[in-house]
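S.K.: The following block contains a protein sequence and its predicted model.
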Amino acid sequence: MEHLVFVFGTLKEGFPNFGVNRGTRVPGEFKTCAAYPLYLVGERHSPWLIEAPDTGLRVTGQVFRVDGETLDAMDRLERVAEHDGYRRKLLQLEEVGSSSLVSAYAYLKPLKQLVRSEVRIGPLGEYLHAHAALYRARAV
């Protein structure tokens with residue numbers, strides 16, 4: 001079964017965790033229909049899209065078609081089974097330059113997990129290579 005996943009941070013093409021993303025990119029750029037806060041958080045500068053719709057900015061990212069195995073690998077990377085992990089949620093997206101709407105999964109952090117003093121940068125409208133240069137992978 002195929003799934004659509006909206007990636008806005010390290011899983012984007014050309015970014016640090018793209019190796020986990022074995023999906024096929026849907027052409028174009030996509031933006032969340034609702035505004036969300038996107039922050040770089042903690043010493044690792046991890047990109048957190050906070051589950052707080054209608055705050056922050058509309059966030060730009062990429063959409064990928066992924067199979068179940070790839071979705072499971074993304075879930076493991078994003079630690080969805082852990083109490084402090086991301087939560088996979090369906091979001092409404094708009095294709096940039098078009099009026100096409102798409103529903104896709106995205107990995108969001110619950111607002112209750114955010115400690116404001118840990119925010120390093122943001123809110124952001126887009127995670128860029130300059131932000132990825134600050135990112136540090138989780139120690140294994």
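M.R.: Structure's in. What do you need? Keep in mind that what you see is a predicted model, and the values were worked out from it rather than measured.

S.K.: tell me the mean pLDDT for the lengthiest helix in the chain?
M.R.: Of all segments of type helix in the chain, defined using DSSP state H, the longest is helix 68-77. Computed over helix 68-77, the mean pLDDT rounds to 96.

S.K.: go on, stretch 10-28?
M.R.: Here the average pLDDT along stretch 10-28 is 94.

S.K.: that older thread, so what secondary structure elements neighbour the longest helix of the chain?
M.R.: Where contact means 3 or more C-beta pairs under 8 Å, 6 or more residues apart in numbering; DSSP states H and E, helix 68-77 is packed against strand 3-7. All C-beta atoms are positioned from the backbone trio N, CA, C, and that covers glycine.

S.K.: Let me know the angle separating the strand it packs on from helix 68-77.
M.R.: Here strand 3-7 points in a direction 40 degrees away from that of helix 68-77 (axes from the mean of the first three to the mean of the last three C-alpha atoms, to 10 degrees).

S.K.: just the CA coordinates of strand 3-7, formatted as PDB?
M.R.: What follows is strand 3-7, C-alpha atoms only, in PDB (Å, rounded to 0.1, in the frame of the first residue of the first chain):
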ATOM      1  CA  HIS A   3       1.100   6.500   1.500                       C
ATOM      2  CA  LEU A   4       1.800  10.100   0.900                       C
ATOM      3  CA  VAL A   5       4.200  11.700   3.400                       C
ATOM      4  CA  PHE A   6       5.000  15.500   3.700                       C
ATOM      5  CA  VAL A   7       8.600  16.000   4.700                       C
END
